[in-house]
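# below: sequence and its predicted model.
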Amino acid sequence: QVQLVESGGGLVQAGGSLRLSCAVSGTIFSINAMGWYRQAPGKQRELVATITSGSGHITNYADSVKGRFTISRDNAKNTVYLQMNSLKPEDTAVYYCNSQVRIGLMSSEYQYWGQGTQVTVSS
């Protein structure tokens with residue numbers, strides 16, 4: 001079984017910063033891509049940022065967060081981070097961590113989600 005536990009959400013004023021963390025634990029053989037998604041009230045879940053595994057750590061960002069958010073990962077800790085700067089009220093949403101995990105050498109890769117953490121940006 002694999003668990004993803006997020007932390008770091010909260011209430012911040014516009015222009016402020018928050019850092020989200022997501023730790024992956026359980027039966028893990030390898031972790032491939034990791035990412036962050038968000039869902040605002042009345043809207044569909046959308047991609048915020050992703051990061052690949054390996055030494056290259058290729059990143060991808062939604063246009064709305066480019067230049068303000070930075071995704072990173074610590075493979076030794078099975079943890080992915082999202083540094084959010086210059087936050088805007090429209091960044092208010094529940095943020096979900098996502099991870100593609102293999103639980104064994106011969107297993108397929110499965111996608112797992114965290115429970116979500118609320119980020120609220122006041123104007």
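Yep, it's here. Here the structure is a predicted model, which means the values were calculated and not measured.
# helix or strand: which one has the residue sitting furthest away from the middle of the chain?
The C-alpha centroid of the chain is most remote from residue 106, which lies 26.6 Å away (Cα atoms, centre = their mean). Residue 106 is part of no helix or strand when elements are defined by DSSP states H and E.
# roughly how far apart are it and residue 2?
Between residue 106 and residue 2 the computed distance is 17 Å (Cβ to Cβ, to the nearest Å). No exception for glycine: its C-beta is placed from N, CA and C like everyone else's.
# and what of residue 95?
Counting by Cβ to Cβ - residue 95 and residue 2 are separated by 19 Å.
# neighbour count winner among these two?
residue 95 (23 against 16; other Cβ atoms under 10 Å).
# ok, now how distant is the more buried one from residue 102?
Plainly put, residue 95 is 24 Å away from residue 102 if you go by Cβ to Cβ.
# same check, this time on residue 44
28 Å.
# those two: who's more crowded?
Ranked by neighbour count (other Cβ under 10 Å), residue 44 and residue 102 place residue 102 first, with 17 against 7.
# need the contact list for that one.
28-32, 108-110 (Cβ atoms under 8 Å, 6 or more residues apart in numbering).
# what residues are bridge-paired with it?
Beta-bridge pairing of residue 102 under DSSP bridges involves residue 30, residue 109.
# then residue 118?
Beta-bridge partners of residue 118, as defined by DSSP bridges: residue 94.
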